[in-house]
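Colleague: output the structure for:
(one chain, ligands or ions: 1)
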Amino acid sequence: MRVARSIFFQLYFFILTIIMGLGALPLRLLKRRDCALTYARLWSRLTLLGLSKICGIEIVIIGRENIPNTPCLIASQHQSFFDGFVWMNLVERPAYIIKKELTRIPLVGPMLILSGMIPVERSAGSKALRCLIRDTQDRFDDRRQVIIFPQGTRVKPGERVPLQPGIMALAKQANAPVVPVATNSGLFWPREGWTKFPGALKIVIGPALAMDSSRGNLIAMIDASWQALEKSGGLYNHVDNSVDVTEENIVPTISQGNKGAALDAPG
Ligand SMILES: CCCCCCCCCCCCCCCC(=O)OC[C@@H](O)COP(=O)(O)O
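Modeller: Take a look at the predicted model:
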């Protein structure tokens, strides 16, 4: 059943992407960043709606009130492609820092560029880093929230890896609050294989980090806050995947009731 649902979701996602990708062709001629972003948000929303309904994954957002209304740098753990979709609907004007290879995906790649995502060569030299810093500042000036995955790649749930020095350099320079985010998305949409697993997938958003102006200890602070969020959000202590509704700061804005929750995005 689980495998059949996963295959069905994959089919849904493929058809949705082809149809919306082709539908975006006229939009691409307009070259309007905001139109592309709105369209891309719709695509992400429909993807997550399908995931939720077809695979029985309930999306639980904890600490949504910690997202500032102002431009900010969202420093999220990364375990799954899910993380690439969810922020499209959690903030109004998202700009992800993405690996450059994604811009070569047919139909999707051009929309990533047009909607203002920030591509980065992961083996970035200092010139690439300067471009990254410049582009990020440009998105802040455009009042966008920039999403960064400091681990640089999808890691296994609960695994600790050294954070990428390049993007940490960016975070140190960025003149914006840094918001830490932990998740257990890899338990439900793992990196390996096609199967999706039902249950309560959590995104735990912490308060912006309080740092001195040098931001010298940023890596340690992000790491420590992630660990604290994993604990307070109960990311790995549920055996039955049920939602821990006793958590004070649970804001189940995306979840409604039980499995197959509807996505309730802002804006
Ligand atoms: C058809 C309309 C298409 C519209 C496209 C809209 C764009 C939606 C936003 C998607 C944002 C994706 C963010 C990805 C960030 C990123 O680049 O993370 C890297 C990993 O994931 C993959 O790395 P790896 O684990 O090493 O394979």
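Colleague: would you mind measuring from Ala176 to the ligand?
Modeller: 19 Å (Cβ to the nearest ligand atom, to the nearest Å). For glycine as for every other residue, the C-beta is placed from the backbone atoms N, C-alpha and C.
Colleague: ugh, wrong one, I meant Arg160
Modeller: For Arg160 relative to the ligand (Cβ to the nearest ligand atom), the value is 16 Å.
Colleague: how far away is that residue from Leu49?
Modeller: Plainly put, Arg160 is 32 Å away from Leu49 if you go by Cβ to Cβ, to the nearest Å.
Colleague: over to Leu25?
Modeller: Leu25 is 23 Å from Leu49, by Cβ to Cβ.
Colleague: cool, Leu170 as well?
Modeller: From Leu170 across to Leu49, the span is 32 Å (Cβ to Cβ).
Colleague: which of those two has more residues huddled nearby?
Modeller: Leu170 (25 against 19; other Cβ atoms under 10 Å).
Colleague: surely Leu107 touches Leu16?
Modeller: No: here Leu107 lies out of contact with Leu16, judged by Cβ atoms under 8 Å, at a distance of 11.2 Å.
Colleague: using PDB, write out every CA atom in stretch 77-96.
Modeller: Extracted in PDB, the C-alpha atoms of stretch 77-96 (Å, rounded to 0.1, in the frame of the first residue of the first chain):
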ATOM      1  CA  GLN A  77      18.500  21.500   8.500                       C
ATOM      2  CA  HIS A  78      18.200  19.600   5.200                       C
ATOM      3  CA  GLN A  79      17.100  15.900   5.000                       C
ATOM      4  CA  SER A  80      14.700  15.700   2.100                       C
ATOM      5  CA  PHE A  81      13.500  17.300  -1.100                       C
ATOM      6  CA  PHE A  82      10.500  18.200   1.100                       C
ATOM      7  CA  ASP A  83      12.500  21.000   2.600                       C
ATOM      8  CA  GLY A  84      12.800  22.500  -0.800                       C
ATOM      9  CA  PHE A  85       9.000  22.800  -1.100                       C
ATOM     10  CA  VAL A  86       7.800  23.700   2.300                       C
ATOM     11  CA  TRP A  87       9.300  27.200   2.600                       C
ATOM     12  CA  MET A  88       7.700  28.200  -0.600                       C
ATOM     13  CA  ASN A  89       4.500  28.300   1.500                       C
ATOM     14  CA  LEU A  90       5.700  29.200   4.900                       C
ATOM     15  CA  VAL A  91       7.000  32.600   4.000                       C
ATOM     16  CA  GLU A  92       5.500  35.000   1.500                       C
ATOM     17  CA  ARG A  93       8.600  35.900  -0.500                       C
ATOM     18  CA  PRO A  94      11.100  33.000  -0.300                       C
ATOM     19  CA  ALA A  95      14.400  32.900  -2.000                       C
ATOM     20  CA  TYR A  96      16.300  29.600  -1.600                       C
END
